[in-house]
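> below are the sequence and a predicted model; questions follow.
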Amino acid sequence: MSILHPRRNDDGGPVTIRKPHTASALSAWEDVHEVATAVPGKAISPRIGDVAVQSWIDAPHNAAGWERLATTPVFDEPGFAAHGLKAASGAVVVEPDGRVWTVSPTNAFGGYTNTFPKGSLDAGHQLSLKANAIKEVFEESGLRVELLGFLVDTKRTTSTTRYYVARRVAGTPADMGWESQAVHLVPAKTLSHFASHPNDKPIIAALLQWIAQHPWQADR
């Protein structure tokens, strides 16, 4: 049975979710071997690991605010070339328990059942790639993140996307925007089965390599 998304689209219109997800039991958020699923507007566990799960009430409302969040930490990244395509950016958000955040685009938009938050830069590129990635993660997953480093650039039919690795510092997936109908926390080793679109294969491969190189990341 279809339902209305609690948030309206960018034009102020209603969004119908044709095949809504079911929220996980609270215990799934505590089990590092389980996939935990959040749905719009429904609260989840109040804490995951050492970080509280609560709404980000003072999220930026302009480009300057998003850019301020992108200034730290400082890390090196290669030059970016869009190759004549639209420029886009996003982030793969990793938890210290070895799980990774993914989103389910509303009504499988773009052919994606599950994927990673990302979006095109606005006309005129008012935001940097970093700032745009932080903004897109919040809009699609409800999470506030801090970027940790460059992950990979991927080229698709109409866009070239830069992905960063990020960590959650605040927010709640219950606040996902209308473009997502569910947000999931997925064990890294099962990502290739969960986010199975061919476009996500190089992202997952780069992520698993990144995890293997960072000792703070649990081996799951």
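It's in.

> what is the burial count for the residue nearest to F80 when sequence neighbours are not counted?
Of all residues not flanking F80 in the chain, R162 sits nearest, at 5.6 Å (Cβ to Cβ, 6 or more residues apart in numbering). All C-beta spots, glycine's among them, are computed from the backbone N, C-alpha and C. Under the neighbour criterion other Cβ atoms under 10 Å, R162 is assigned a count of 24.

> tell me which residues in the host helix or strand of R162 are buried?
Per DSSP states H and E, R162 falls inside strand 159-171. For strand 159-171, a neighbour-count test (16 or more other Cβ atoms under 10 Å) marks S159, T160, T161, R162, Y163, Y164, V165, A166, R167, R168, A170, G171 as buried.

> do stretch 183-194 as well
Going by neighbour count (16+ other Cβ under 10 Å), the buried part of stretch 183-194 is V183, H184, L185, V186, P187, A188, L191, F194.

> next helix or strand past the helix or strand hosting the fourth one?
Following DSSP H and E, the helix or strand that holds V186 is strand 180-187. Scanning forward in sequence from strand 180-187, with DSSP H and E defining helices and strands, the next element found is helix 191-194.

> now the farthest one out in this structure, which residue is it?
In terms of distance from the mean C-alpha position of the chain, M1 ranks first, at 26.4 Å (Cα atoms, centre = their mean).

> how about that one: what's its closest non-neighbour residue?
Nearest to M1 is P20, by Cβ to Cβ, 6+ apart, at 7.8 Å.

> surely that neighbour meets L4?
No: contact criterion Cβ atoms under 8 Å: P20 and L4 do not qualify, at 9.8 Å.

> looking at the two, which is more packed in?
It is P20, of P20 and L4, that has more neighbours when counted by other Cβ under 10 Å, with 18 against 13.

> shaky segments in this structure?
124-125, 215-220 (pLDDT under 70).

> phi and psi next, for the residue positioned nearest the centre of the chain.
Nearest to the geometric centre of the chain sits P117, at 3.5 Å (Cα atoms, centre = their mean). With angles defined as degrees, to the nearest 10, P117 sits at phi -60, psi 130.

> pretty sure it sits against V137.
Yes: if you go by Cβ under 8 Å, P117 and V137 touch, sitting 4.5 Å apart.

> spit out the contact partners of F194.
By Cβ atoms under 8 Å, 6 or more residues apart in numbering, the contact list for F194 reads V35, T102, N114, H184, V186.

> next one: the closest residue to P6 other than its chain neighbours from D122, what distance?
Once flanking residues are discounted, P6 sits nearest to G41: 4.3 Å by Cβ to Cβ, 6+ apart. Computed as Cβ to Cβ, to the nearest Å, the G41 to D122 distance reads 27 Å.

> what's the answer for A170, then?
24 Å.

> state the distance from the residue nearest to P40 when sequence neighbours are not counted to H61.
The spatially closest residue to P40, leaving aside those adjacent along the chain, is P6, at 5.1 Å (Cβ to Cβ, 6+ apart). Distance, P6 to H61, by Cβ to Cβ: 20 Å.
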